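[1] Kindly generate the corresponding structure for this input.
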Amino acid sequence: MRKKRKVYQNELAEIEAIEEGNGLPNDQLDRKTWLLCENLKCLEQEEMYWFERSHQTWLLKGDNNTSYFHKCANGRKRKKIILLV
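    Here you go, the predicted structure:
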């Protein structure tokens with residue numbers, strides 16, 4: 001997910017740089033709109049992934065704090081690891 005989002009963000013930055021210089025043709029405007037939508041979808045998927053892993057059901061869905069979810073999920077994973085000596 002992160003790689004795909006990174007690719008979308010890089011391409012979006014390129015299109016926005018072109019847009020600053022001069023106007024965009026219709027096909028590039030459509031591509032920019034599509035990239036924005038896909039980027040938002042990727043962010044939402046990543047948020048839901050960490051939300052499901054965190055098991056924090058008291059949080060509202062709209063929270064975009066994925067780093068918090070990541071810490072909760074990985075902290076629980078570290079607790080479960082059995083160290084073999």
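
[2] lowest-confidence helix or strand of the chain?
    Here the helix or strand of the chain ranked lowest by mean pLDDT, DSSP states H and E is helix 66-80, holding a mean of 71.

[3] where in this structure is pLDDT low?
    54-66, 69, 76-78, 81-85 (pLDDT under 70).

[4] which residues of it fall in strands?
    In the chain, no strands are defined using DSSP state E.

[5] Which parts of it are helices?
    Remark: helices assigned in the chain by DSSP state H are 2-21, 26-54, 66-80.

[6] My guess is residue 36 contacts residue 12. True?
    Yes. Assessed by CB atoms under 8 Å, residue 36 is found in contact with residue 12 at 6.9 Å. All C-beta spots, glycine's among them, are computed from the backbone N, C-alpha and C.

[7] More neighbours: which of those two?
    residue 12 (17 against 13; other CB atoms under 10 Å).

[8] which residues touch that one?
    Counting by CB atoms under 8 Å, 6 or more residues apart in numbering, residue 12 touches 32, 35-36, 39.
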